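Visitor: need the 3D shape of this:
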Amino acid sequence: MLKLLVIVCGFNMANAAAQEITVRDASMRLPVPGQSTSAAYFTIINNGGSEAVLQSATCTCSASAELHSHSSENGVMKMRHESELKLAPGESFTFVSGGWHVMLKDVNKSLRSGETAELTLNFANVDPVVVSLRVTSLFDEPDHQHHH
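Guide: Okay, the predicted model is just below:
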């Protein structure tokens with residue numbers, strides 16, 4: 001019984017540490033036909049008592065992953081590689097299409113809609129967080145019309 005209690009307590013302590021950062025609504029869209037890049041989107045929440053600094057990401061579905069932002073300058077959309085994202089205690093931030101996102105390069109061609117991929121978020125001062133990305137396709141959308 002004591003051994004079970006130690007295992008359960010150990011799990012809860014590890015789980016509490018992992019809860020310093022939570023991620024919800026994580027997804028990625030498959031690249032459009034003929035392309036090999038895509039993006040991951042999610043909301044990240046810093047539940048910890050100190051600033052969390054997201055520095056990089058890796059994904060099981062792609063050769064590389066980078067933090068990117070979009071901005072508009074003189075009516076022209078520009079994408080920029082970002083080196084970090086700082087989250088104050090209690091702050092949340094949403095990665096969205098047309099804004100910040102994780103750019104996924106050379107996405108695995110065997111990946112299919114409905115599957116999942118693992119995205120690892122790497123921080124300067126917090127343990128890495130592994131997120132399950134729900135894989136979707138443009139063709140999953142009900143209003144998508146495909147004509148030949």
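Visitor: what about stretch 55-66, average pLDDT?
Guide: Throughout stretch 55-66, pLDDT has a mean value of 96.
Visitor: give me phi/psi at Thr37?
Guide: phi -110, psi 150 (degrees, to the nearest 10).
Visitor: okay, strands next: where are they in the chain?
Guide: Remark: strands assigned in the chain by DSSP state E are 21-29, 38-46, 52-59, 62-73, 76-81, 85-87, 92-95, 101-107, 116-123, 129-136.
Visitor: using a markdown table, lay out these together with mean neighbour count.
Guide: Glycine gets a C-beta too; all of them are placed from N, C-alpha and C. Output for those, formatted as a markdown table (neighbours: other C-beta atoms under 10 Å):
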| stretch | mean neighbour count |
| --- | --- |
| strand 21-29 | 18 |
| strand 38-46 | 20 |
| strand 52-59 | 19 |
| strand 62-73 | 15 |
| strand 76-81 | 9 |
| strand 85-87 | 17 |
| strand 92-95 | 16 |
| strand 101-107 | 20 |
| strand 116-123 | 18 |
| strand 129-136 | 18 |
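Visitor: and these, which one's lowest on average pLDDT?
Guide: Of all those, mean pLDDT reaches its minimum on strand 76-81 (a mean of 89).
Visitor: distance between that one and the chain's centre?
Guide: Between the centre of strand 76-81 and the centre of its host chain there is 19 Å, according to C-alpha atoms, centre = their mean, to the nearest Å.
Visitor: now that strand against strand 62-73, angle please.
Guide: Relative orientation of strand 76-81 and strand 62-73, computed by axes from the mean of the first three to the mean of the last three C-alpha atoms, to 10 degrees: 140 degrees.
Visitor: tell me what angle strand 76-81 forms with strand 101-107.
Guide: 70 degrees.
Visitor: what does strand 76-81 contact?
Guide: Residues outside strand 76-81 that contact it (C-beta atoms under 8 Å, 6 or more residues apart in numbering) are 66-72, 98, 103.
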